[in-house]
Every structure is written in structure tokens, then in C-alpha cells.
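*Asks:* A structural model of the following input is requested.
(chains A and B)
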Amino acid sequence: MTIKAGKERSRLDPEPMPRRDFLGLSALFAFAGSMLFAVTGMLRLPKAAVLSSPSKKFSVTLPDSLATGEPFVPPGRSVALFRDAEGAYAISTTCTHLGCVVKASAGEFECPCHGSRFSADGSVTKGPAPQALPWLKVTASGAGLIVDEGTTVPAGSKVTV
Amino acid sequence: MSTAGSPNSAMRGFLDNLRAAPRRILDSAMRGGAPKTDRTRSTFVFGNVFLHLHSVRTHRWSLRWSTTMGLGIASTAGFLITLVTGLLLMFYYKPYPDAAYDSIKDIHFVVPTGRFIRNIHRWAANVMVIAVLLHMARAFYTAAYRKPREFNWLVGWGLLVTTLGLSFTGYLLPWDQLAYWAITIGANIAQSPREVTDALGVTQSFDPGGLQRLLLLGSDTVGEEALIRFYLLHVMILPLALVLLMAVHFWRIRKDGGIARPSDAEKRLGPSAGDTYPVFTEAPAKTYQLAAIVRGKTSAVGSGPENTVPSMPHLFYAELAVLMITVFVCVALALVSDAPLKELANPAVPENPAKAPWYFLGLQEMVSFSAFMGGMGIPTIVLIGLGLIPFLDREESGTGEWFGGAGGWPLVRTSILVGFVAALGVETFAIRFGWIREWLPSVPQLVITLINPGTVLTLIYAAYSIWLLRRHNSTRAAALGLFTCFLCGFVLLTIIGSYFRGPNWTFFWSPTDWARH
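*Replies:* Next up is the predicted model:
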């Protein structure tokens, strides 16, 4: 195999890109590429695959004395439970504006942080909240209820107990 | 026998060396000898890795009090104080929920000088934020951001953002009610792009807000993951970023030719004092090299750097004075006012009212109408606008002068009025009559996101600025008006958020009217 000698080049007529520059640039691109790869990998780290949050399901038994339209807030949960003739239902008490816990009272929810107000079914009546308070999934379980804070259901969904 | 005298003389030499050791250690530390004359002091500044961030000689204009008011050094001093006190607090602080609260309580009540150090840390952080904001205003009003200092304005922009980030991350660490709910609100502001994606119905596939919140908190609630992230940002990532940016900032001041000054600064300063030792006693031979290093319009060939004085001691005394005043202010405030520590964080009961640090209360006021626009949209627009100033205003008149450029002080005075009146008007209207949701409860959220007191105010300011641009036929005039307006709006909203908002974010004329519960 013979290599044909190319045209003799001089200083006045240099190669379009000297081999040295080409190799240097390749090395530089290889470096940049591997750094990009490494940094992307590192940026992947802060987003955990499994979140260390407690279970969102809990069971609760409504007190017999609970009147229609009165909220029952289980201790330590941001959920208000109600019972009327049609059944029991749960409305989240986490404000849709900036995540404060709204105060549930008969017929109204009121947020202490920026003054949003919600009617008895959770829809916004005043203030900056962009959305209604979501209704949460409730299932009957024996004498009690199981509330799933992670699953929302359409407003008006009630479960008979 | 001939060596009888040698051990003695070696011994004597050894003792002499031992006696001279302290002096020689000192000498060896200073490459050019002790800084005793102007010449050796110059060599000292030039040859010292810390001091050489300063140039050897400083222009007399830079040393005038009214040029900088020492605000940059005050910011740096604030950082140094928080650095030292922060390191001390780290001896006891434990970044884990509940343990964090207990350790702060220990620092406050048990650790010797703990409360004092924590107070200084907190006050120095506040002083630093104020100094950084005023420093930015100084650089803006003296048009110091102009060529060749555009890049340094951008670095300063980065320093402002980092400083605010440091304050915000420090706010969670005590893990009390105040901290917990301020950070819950802050994290949900990070999530607020959902206000728009929800309204458009694309959150399922495109959710930048949720991702931001998740990265900030490391979980879907403010808990141990959030605390360790905020701690890491507060004590490591952000301070490192700040130091890095500060190094570039200081270096560029020097390389960009020192503090900005008017072109006729020499004439205005008049002749230098009679006892000033001339820099060159004969015609300089090598000034071309200096001209190559320092960017500027005229190369100082054939003349020495007249109207400059040696940085050591003139500039260093000024800097030390500002440092001492800053320390004094922080210590005095720390003695009269304790850093707050409320009850242990309780995720079930929000603090009412839950207020962020004071410099975010203007944002919180806007957030109380639209979370996305007030918390992210408008701040982003303002930050982008700030960064672009030096690239949009390419004029030259008035550089280095207070309120320099088209319009000058009269324009700024009118703008202060416009800024306050517009903000006061919009707020009065919103507080008196409420906003769209109260009149039309079923209005789509996007309408409120687009039309709320924050955006209305921004539009009024923008319209005023465009009017100035056309009237004065000058970008600088428009910039002066807009910057002043936003500054006034920021001040007014901050005051309203701090003093006139009580429980449920209701308007109160005085905190004494707040309903007790």
C-alpha cells in the first residue's frame, strides 16, 4: 500500500487546519463532553428517587357527636372531615396559595397567611388562592374511615358509613 | 588544640541567630522590607497577595466620602462579621429537626456569649443586605456601571442574589415557628409556576414549579431533608460562591481603572496638597506597560499618576474606619435587640401572621394577590432589567457623578414622587376595594395572574419610564426614572408588609390593633 505524497505545503500555504490544532480541539471537545456528562450526572443527585415523606393514608373514626357541617380535624393532619345525610367526606386544609394550613370552621375555611377564604365545599371566595381546596379520597373501613391525602376526588364525592 | 575556640564561636553564632530570629521571621514575611517609606509601602502593597487587590496608589476622587460612602466596604465588613460569628455558631448548631431548635435554645440561654454572638450574626446579616442594596443604588446613581465596568455590575448583581440567598437559607435554621412557616411559604413560591401551568392544564407533563420546590426541599414537605439542604447552602455553597464573586468583583474594580470618576475630576479636585511627594521626579520611561494593564481612554504616557495618593495608608485607613463603624453598629444593635426565637416548629398550626425576613415582605405583599407574579414573575423581570442596565445605557455624560446623566436630580426627585404615589395609589385601591376575585369569584386564575396590583404597578412604572425616554431622548433618563420608581415601590411595599399587615394578612393601622388570640 502506498501513500500518495500530497502537495508540498509551505508556511505561506498552510494546511486548512493543522493536524496539531485538530488534535488539540478534539481533546478539548472530549474534555468538555466528559465534563458535561459528569456534571449532568451530579445534578441528578439532588432529586431523590424515593421521598422520605410519611404515609399519606391514615384511618380515623368520626365522633358520634359530630354535627352536620361541623369540621373534624384529626390531630396532626391537614384534613377536615365532615358528615352529613349523604355520607362522610374529606377536604384538604392545605391552602392552594402558598401551603399554609387553613382554619376549618362550620361553613367556611380561612387561611391565616394571606387571607384566602373558601366556602363549605372548598371553592375560593376571597383572596389570592388560585384553586379550590381539593377533596380527598375517603373509603369506609369497618366502623371508621381511611383517608388518602395523596389522592384527590371530584368535589361532592361522599362515602356512606 | 586549634579548635578550642570554634565551639564557643559557633555557640555564640547560634545564640545570635536565636536572638535575631523574631526579627528575621518578620523580615522574611515582607518581601520588600518593612513598609516605612512611601516606596517600601508601595512594594509592600504590590507584593502582598491580600493587599494587591488594591492598586498601589489611589485616586483622590475615590477617597472622597461622597464617592462611595464606604458602602462596598461596609458590605464586605458585614460578610466578614457573619463569617466569624457564623463559624462560632457552628460549634453548637445541629442541623436536624427539633435538635436544631434545642441547639439554638442552648446557644441562646446556655452557651457563654452565645446569645450575643447570635445577635451579632443576625444583625450583621441585616446590615449586609442593607449595605448591598445601598451600594447597588450608589453604583447606579453615579452611573458607575458604564464602560468599562459593565461586567463588574453583573458580578455585583450575582453578589446581590447570593446575599439574599444566604439570608433566606439562614432563616430556616432555628427551626421555630417563624422559620418553618416562612420557608413553607418560600418553597411554595418556588412552586408557584404551577399557578400558570395549572391554569393552562399542562402541569402533568410540564411542571417546573414542582421541580424547583422538590430540589429546594428534597421532599414534599419542609422536613429534615429541607433543613440539611438549607444548612448546606447556608454554610458552604453560597458562602463559597460569594467569596469567589467577591474576589472577581474586587479584582475588576482595580483592573477597570478604580472607582468611576468624572472626566474632569482632576480639575474639580484642584491641585494636590503641597506636601505630596511627587510620584516621578523625572520623566517616566516605562509607563506604556501600565497603560497596557489598566484599561482606560488615555494612556498616562509622559506624566505620572498625579492626583493619586499611596493606598497605604490613605485607603487602608478609610477601609478600616468603615470596618470599625460596621462592627460598632452590629455590636450596638446586638446589645439592644435579641434575635427572635419562637416556639418549636409545628407543621399543623401556621404562625399568624407568618412573615418572611423584612426585605422579602414587599414580595410577600405582592404574593398576597398572585403567588406567581408577585413571587417569581415580577422579581425575575426586575432582576433581568437590573442586569441589562449597563448594556442598554451606553451614554457617556454624567459618569461618576451623583444623579449624573440626562434629567439629573430633578428627574430623580419627580420619580421618587411618582414611585411612591403610584404604589400608594394601587395599594390603597386594593386594600379598600379588594381585587378581582372578590367582585367576580368565578374569574379564571390567568386573569388574576396577569392583572394584579404587582403587575399594574410594574406597568405604570414602565409607562412612566418610556415617557421619560421619549421626553429626554435618553436611555439614562428612562433608567433613572425606572430604578427610582422600583426602589420607592420596594420601600413602600416593604413598609406596608412589615407594619400594616396583621393576622390573616389583613390591613391594620397599627400592630396594637391586632386581634389577640
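*Asks:* tell me the secondary structure of the closest residue to B:Leu53 other than its chain neighbours, please.
*Replies:* The shortest distance from B:Leu53 to any non-neighbouring residue, by CB to CB, 6 or more residues apart in numbering or on different chains, is to B:Phe250 (4.7 Å). For the C-beta atoms, the positions are set from N, CA and C on the backbone; glycine is no exception. Under DSSP: H, G, I helix; E, B strand; the rest coil, the three-state class of B:Phe250 is helix.
*Asks:* if I pick the residue of the stretch 101-250 of chain B found nearest chain A, what's in contact with it?
*Replies:* Nearest residue of the stretch 101-250 of chain B to chain A (CB to the nearest CB) works out as B:Asn188 at 4.0 Å. Residues in contact with B:Asn188 (CB atoms under 8 Å, 6 or more residues apart in numbering or on different chains) are A:His97, A:Leu98, A:Gly99, B:Arg213, B:Ala371.
*Asks:* isn't the last one up against A:Gly127?
*Replies:* It stands for B:Ala371. No - the pair B:Ala371 / A:Gly127 is not scored as a contact, 11.0 Å apart, by CB atoms under 8 Å.
*Asks:* what helix or strand is A:Thr139 located in?
*Replies:* For A:Thr139, the element it lies in under DSSP states H and E is strand A:135-141.
*Asks:* contacts for the helix or strand that that strand is followed by, please.
*Replies:* Under the assignment DSSP H and E, the closest C-terminal helix or strand after strand A:135-141 is strand A:144-153. Residues from elsewhere that reach strand A:144-153, judged by CB under 8 Å, 6+ apart: A:56-62, A:74, A:77-79, A:81, A:88, A:90, A:92, A:134-140, A:159, A:161.
*Asks:* need the residues of chain A near chain B, please.
*Replies:* A:46-48, A:51-53, A:75-78, A:97-101, A:110-115, A:123-128, A:130-131 (CB under 8 Å from any CB of the partner chain).
*Asks:* just the strands in chain A please.
*Replies:* For chain A, the strands defined by DSSP state E occupy A:57-60, A:79-84, A:87-92, A:103-105, A:108-110, A:117-119, A:124-126, A:135-141, A:144-153.
*Asks:* what residues sit buried inside the longest one?
*Replies:* If you call a residue buried by 16 or more other CB atoms under 10 Å in any protein chain shown, then strand A:144-153 has these buried ones: A:Leu145, A:Val147, A:Asp148, A:Glu149, A:Val153.
*Asks:* number of residues surrounding B:Thr458?
*Replies:* 21 (other CB atoms under 10 Å in any protein chain shown).
*Asks:* in chain A, where is pLDDT below threshold?
*Replies:* Low-confidence segments of chain A (pLDDT under 70): A:1-8.
*Asks:* next helix or strand past the lowest-mean-pLDDT helix or strand in chain B?
*Replies:* The helix or strand of chain B with the poorest confidence is helix B:287-293; it has a mean of 54 (mean pLDDT, DSSP states H and E). Next in sequence after helix B:287-293, counting helices and strands by DSSP H and E, comes strand B:308-310.
*Asks:* and the helix or strand following that following strand, what other elements does it pack with?
*Replies:* Going down the chain from strand B:308-310, the next helix or strand is helix B:311-336, by DSSP H and E. Counting contacts by 3 or more CB pairs under 8 Å, 6 or more residues apart in numbering or on different chains; DSSP states H and E, helix B:311-336 packs against helix B:38-47, strand B:57-59, helix B:60-63, helix B:71-89, helix B:114-141.
*Asks:* list the helices and strands the strand holding A:Thr139 packs on?
*Replies:* Using 3+ CB pairs under 8 Å, 6+ apart: strand A:135-141 touches strand A:87-92, strand A:144-153.
*Asks:* any chance of these in TSV, plus distance to B:Phe151?
*Replies:* Formatted as TSV, the helices and strands packed on strand A:135-141 follow (distance: least, CB to CB, whole Å):
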stretch	distance to B:Phe151
strand A:87-92	49
strand A:144-153	49
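*Asks:* residues making contact with stretch B:367-386?
*Replies:* Contacts for stretch B:367-386 (CB under 8 Å, 6+ apart): A:97-98, A:114-115, A:127-128, A:130, B:136, B:157, B:161, B:185, B:188-190, B:192-196, B:363-366, B:430, B:435, B:448-450, B:452-455, B:458, B:482, B:486, B:501, B:505.
*Asks:* low-confidence stretches in chain B?
*Replies:* Counting by pLDDT under 70, chain B shows low-confidence ranges at B:1-5, B:273-305, B:515-517.
*Asks:* domain ranges for it?
*Replies:* B:16-44, B:54-272+B:307-351, B:354-517 (automatic domain parsing).
*Asks:* now do the end-to-end distance for the shortest one.
*Replies:* This means domain B:16-44. End-to-end span of domain B:16-44 (CA to CA, to the nearest Å): 28 Å.
*Asks:* now that domain: buried residues?
*Replies:* B:Pro35, B:Asp38, B:Arg41, B:Ser42, B:Thr43, B:Phe44.
*Asks:* distance from it to the middle of the chain?
*Replies:* In terms of CA atoms, centre = their mean, to the nearest Å, the centre of domain B:16-44 is found 37 Å from the chain centre.
*Asks:* do stretch A:117-130 as well
*Replies:* Distance of stretch A:117-130 from the chain centroid (CA atoms, centre = their mean) equals 21 Å.
*Asks:* same check, this time on stretch A:15-26
*Replies:* Remark: stretch A:15-26 is offset 50 Å from the chain centroid, using CA atoms, centre = their mean.
*Asks:* cool, stretch B:82-101 as well?
*Replies:* Distance of stretch B:82-101 from its chain centroid, counting by CA atoms, centre = their mean, is 23 Å.
*Asks:* got the end-to-end distance for it?
*Replies:* Taking CA to CA, the first and last residues of stretch B:82-101 lie 20 Å apart.
*Asks:* which residues sit against that stretch?
*Replies:* Where contact means CB under 8 Å, 6+ apart, the residues beyond stretch B:82-101 that reach it are B:102-104, B:106-107, B:111, B:114, B:117-118, B:120-121, B:124-125, B:128, B:166, B:173-176, B:223-224, B:227-228, B:231, B:235, B:239, B:344-345.
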